[in-house]
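Peer 1: Turn this into a structure:
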Amino acid sequence: MRHQCFINWMAIFFTVVILIACSGPSQYEINKQSESYREIGEAYMRQGNFTAALAELLKAEKLTPYDHILQNDLGFCYLGKNRLDLSVQHLKKAIELKPDYAPAKNNLGVVYLKQKNWNAAITTFKEITDNLLYATPHFPLSNLGQAYYNLGDLDQAKYYYLEALKRKANFPNALRGLGLTYIKKNRPQDAIYYLEKALQTAPNSAPIYFDLAYAYQKVQDQERSIHAYEKVLELAPNSTIAKQAELSLYHIKGKRY
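Peer 2: Below is the predicted model:
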């Protein structure tokens, strides 16, 4: 009798072992594997390698498609590859999964800026500017400034750029935005002040040097204008703004000589 009980218990034990072995990985193991793929993808994104990042993130999505952080990463990655349609799709999914997820909303607003959909960008950024828990409010505030600048509302642009600087002093995006706003307002001296300040934080920014060169031209400071345009050629050779800088240098030097 005892022998039969032992056999029965052994049969049950091996049945349980077989069922566990055949049941596949647990949800915990699936989540950990997905997280590993996502972290590798994020490392590639930080390096600017969006193709390699996308390969890892898509592996993760097969395992955990309802991860809002992963969907935001995919949206950002597609933004980096200039696939704005797919970027919007994934960012909206991230927001559906977690409606208060501010990073996805900010990224979605950036996509709208890329699409020149200024009003949609403004609506999206305003949803997060009042979020006291958002760690980097200077980004959406500065982006709001950019949207209003492109709409031609220079006073609102100035207001939001200044609000961004209240959250993070010397934020180069906002400083450059203010510089461009003052150029449009025909106040080149104010533009020069903010653009020079932006270069203190972003000394290798060819676009800021280009804007500054134009502002120097507006105040007839040809020497500094030439120097700034030459910095554009040094920092961004063979780029579109380098060609524009070369053309501007040709006209300045032609007038001088």
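Peer 1: ok, residue 139 to residue 227 distance?
Peer 2: Between residue 139 and residue 227 the distance, using CB to CB, to the nearest Å, works out to 31 Å. Using the backbone N, CA and C atoms, a C-beta is placed for each residue, glycine as well.
Peer 1: neighbour count winner among these two?
Peer 2: It is residue 139, of residue 139 and residue 227, that has more neighbours when counted by other CB atoms under 10 Å, with 25 against 14.
Peer 1: What sits closest to the more buried one if chain neighbours are left out?
Peer 2: Beyond its immediate neighbours in the sequence, the residue positioned closest to residue 139 (CB to CB, 6 or more residues apart in numbering) is residue 106, lying 5.7 Å away.
Peer 1: Does that neighbour touch residue 140 like I think?
Peer 2: Yes - between residue 106 and residue 140 a contact is recorded at 5.2 Å, counting by CB atoms under 8 Å.
Peer 1: Common neighbours of these two, please.
Peer 2: Between them, residue 106 and residue 140 share the neighbouring residues 125, 128, with contact defined by CB atoms under 8 Å, 6 or more residues apart in numbering.
Peer 1: for the record, mean pLDDT for the helix or strand that contains residue 250?
Peer 2: Using DSSP states H and E, residue 250 maps to helix 240-256. Across helix 240-256, pLDDT averages out at 86.
Peer 1: repeat for stretch 92-107
Peer 2: For stretch 92-107, mean pLDDT is 95.
Peer 1: what comes into contact with the helix holding residue 250?
Peer 2: Contacts with helix 240-256, where a contact means CB under 8 Å, 6+ apart, come from 206-207, 210, 213-214, 217, 222, 225-226, 229-230, 232-233, 236.
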